[in-house]
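# sharing a sequence plus its predicted fold:
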Amino acid sequence: DARFTPGADGLGDRLLPKAGNGGYDAGHYDIKLDYQPQGRRISGTTEMSATAKQNLSRFNLDFAGNTVRKVTVNRAPATWRRSGQELVVTPRKGLRKGSRFTVAVTYDGSPDGRSRGWIRTEDGAVTLSQPEGSATWFPLNDHPSDKATFSYTITAPEELSVLANGEPVSREQTGGQASSGQAAGERR
């Protein structure tokens, strides 16, 4: 009979003690983001694939911004709550050590110009996510010791350019909107 316990809410980094989270190893992030300049709103879903490093009863993601609309673990609804910069996720059933799982978070909002990592420009925004700015616009295990790969699908009005790290893999235009897909290698 396995005992399930919560993952740590930070990795104890001496400079950023709440950065990162324990109990799992992130492998890949698939970020789907829609940007609307009017109101400077974003809406998106980030799906993280990870491996449990312990028998997890719950785990945390770093996510200081936006409004959470829905959270699933392995495609099943999960309960969640906000605690400061942490998004605390409780799956329907515990995750066994060594098991692979996915968590998907759907969110929206208007990151303010003061966010550490989301910087408004005249017609859009730029993100500068180091050392802890990523969590202002998408949920993740935000510590450089947890390396992962990323893919992005970003939709914006076609008159704007979308750039992300990695190699472009697609571009589509429909109804005044353009969608760009990017694939990025290892983080940091």
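In hand now; what should we look at?
# use CA for all of it now, contacts and neighbours both
OK.
# and residue 90, how close does it get to residue 105?
Distance of residue 90 to residue 105, given as CA to CA, to the nearest Å: 13 Å.
# can you check residue 81 too?
Separation of residue 81 from residue 105 (CA to CA) stands at 12 Å.
# okay, helices next: where are they in this structure?
Ranges of helices in the chain, per DSSP state H: none exist.
# for the spatially most central residue of it, list the residues it contacts.
For the chain, the residue lying nearest the average C-alpha position, counting by CA atoms, centre = their mean, turns out to be residue 139 (2.8 Å). Listed by CA atoms under 8 Å, 6 or more residues apart in numbering, the contact partners of residue 139 are 46, 61, 62, 63, 87, 105.
# for this structure, which segments are assigned as strands?
Per DSSP state E, the chain has strands spanning 24-36, 41-52, 59-62, 67-73, 76-77, 79-83, 86-90, 100-109, 118-120, 125-127, 149-157, 167-174, 177-184. These are given in chain order.
# deepest-packed of the ones you listed, please.
Most buried of these, by mean neighbour count (mean count of other CA atoms under 10 Å): strand 59-62, with a mean of 26.
# send the alpha carbons of it over as PDB?
C-alpha atoms of strand 59-62 as PDB (Å, rounded to 0.1, in the frame of the first residue of the first chain):
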ATOM      1  CA  PHE A  59       1.800  19.200  -6.600                       C
ATOM      2  CA  ASN A  60       2.400  22.800  -7.300                       C
ATOM      3  CA  LEU A  61       3.000  24.900 -10.400                       C
ATOM      4  CA  ASP A  62       4.500  28.400 -10.300                       C
END
